[in-house]
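Trainee: need coordinates for the following:
(one chain, ligands or ions: 1)
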Amino acid sequence: MEQNNQTVQRGKFITFEGIDGAGKSTHIAAVVEFIKSHGLAVVSTREPGGTPLGEKLRELLLHEEMHLETEALLMFAARREHLARVIEPALARGDWVVCDRFSDATYAYQGGGRGLDKIKFETLEAWVHGHLHPDLTFLFDVPPAVASQRIAAQGRDLDKFEQERTDFHARVRQAYLERAAAAPQRIQVINADQPLEVIRQQVLDIINQRGV
Ligand code: TYD
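Mentor: I've put the predicted structure just below:
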């Protein structure tokens, strides 16, 4: 019998970040379609969540009050499950993975927003995914005032994070921008206070440059 000795090329791991209301969801859908249009398999997922257990943890994380460190630990627990069951197998079989938020969100929200020391996340990150990091991260950057107007215009019930005050979101944004400055090759900052079509084109151009 003929043996297939070809090694499968690992897929690319792309994450999307930004404060609540930055508008990343619209662009995630466009990126997934773009990757598919190049004949590549792509898994679209999100954090916290992405697995049956992770989605249960998401429900708790977004709606229950809890100690700040419990919140950070549950984010990483959901992430470990997500990596083991969805992200790692997909990348190993050559699929691309597009993920709505990942560990940068923990640094930004539980670190910048809530004030937890980032040394804690560095330890958890090394434990949970020291071997695996996103190849590319889009940071949708927008002033908190613009983001909160967008959320208000949607007229829906707000989760625990969306209910936080503007100064919380300003700190989250600052923490995201600091991470981007420290990893400018991986984290691409997109000005999300522009027309949708302009943003979409910028995002797809960057993915093209990275070799779709
Ligand atoms: P979000 O991604 O904005 O989902 P939706 O678009 O459906 O509202 O919601 C996830 C929330 O979880 C968001 O407010 C940020 C928060 N979050 C953290 O605080 N830490 C994390 O590590 C992650 C992944 C998310």
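Trainee: from here on, contacts and neighbour counts on C-alpha atoms
Mentor: OK.
Trainee: tell me which parts of this structure are close to the ligand?
Mentor: Where the chain comes near the ligand, counting by C-alpha under 6 Å from any ligand atom, the residues are 20, 47-48, 75, 101-103, 105-106, 109-110, 161-162.
Trainee: shaky segments in this protein?
Mentor: Counting by pLDDT under 70, the ranges of the chain that qualify are 1-6.
Trainee: residue of it with the smallest distance to the ligand?
Mentor: Nearest residue of the chain to the ligand: Thr106, at 3.4 Å (C-alpha to the nearest ligand atom).
Trainee: quick one: what helix or strand has that residue in it?
Mentor: If you go by DSSP states H and E, Thr106 is part of helix 103-106.
Trainee: could you give the separation of the biggest helix by length in the chain from the chain centroid?
Mentor: Under DSSP state H, the helix in the chain containing the largest number of residues is helix 166-182. In terms of C-alpha atoms, centre = their mean, to the nearest Å, the gap separating the centre of helix 166-182 from the centre of its chain is 14 Å.
Trainee: and for stretch 185-195?
Mentor: The answer for stretch 185-195 is 13 Å, by C-alpha atoms, centre = their mean.
Trainee: contacting residues around that stretch?
Mentor: Here stretch 185-195 makes contact (C-alpha atoms under 8 Å, 6 or more residues apart in numbering) with 22-23, 134-143, 146, 177, 179-180, 199, 202-203.
Trainee: before we move on, what about stretch 158-168?
Mentor: Stretch 158-168 has contacts (C-alpha under 8 Å, 6+ apart) with Asp20, Leu62, His63, Glu64, Gly113, Arg114, Pro144, Ala145, Ser148.
Trainee: and if we set it to 10 Å?
Mentor: Applying C-alpha atoms under 10 Å, 6 or more residues apart in numbering, the contact partners of stretch 158-168 are 19-21, 59-65, 109, 112-115, 143-145, 147-148, 151-152, 157, 169, 172-174.
Trainee: how about the helices in this structure?
Mentor: 24-37, 52-63, 68-82, 88-92, 103-106, 118-129, 144-154, 166-182, 196-209.
Trainee: mind putting these into a markdown table with mean neighbour count?
Mentor: Shown next, in a markdown table, are these (neighbours: other C-alpha atoms under 10 Å):
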| stretch | mean neighbour count |
| --- | --- |
| helix 24-37 | 16 |
| helix 52-63 | 16 |
| helix 68-82 | 19 |
| helix 88-92 | 17 |
| helix 103-106 | 23 |
| helix 118-129 | 15 |
| helix 144-154 | 15 |
| helix 166-182 | 19 |
| helix 196-209 | 14 |
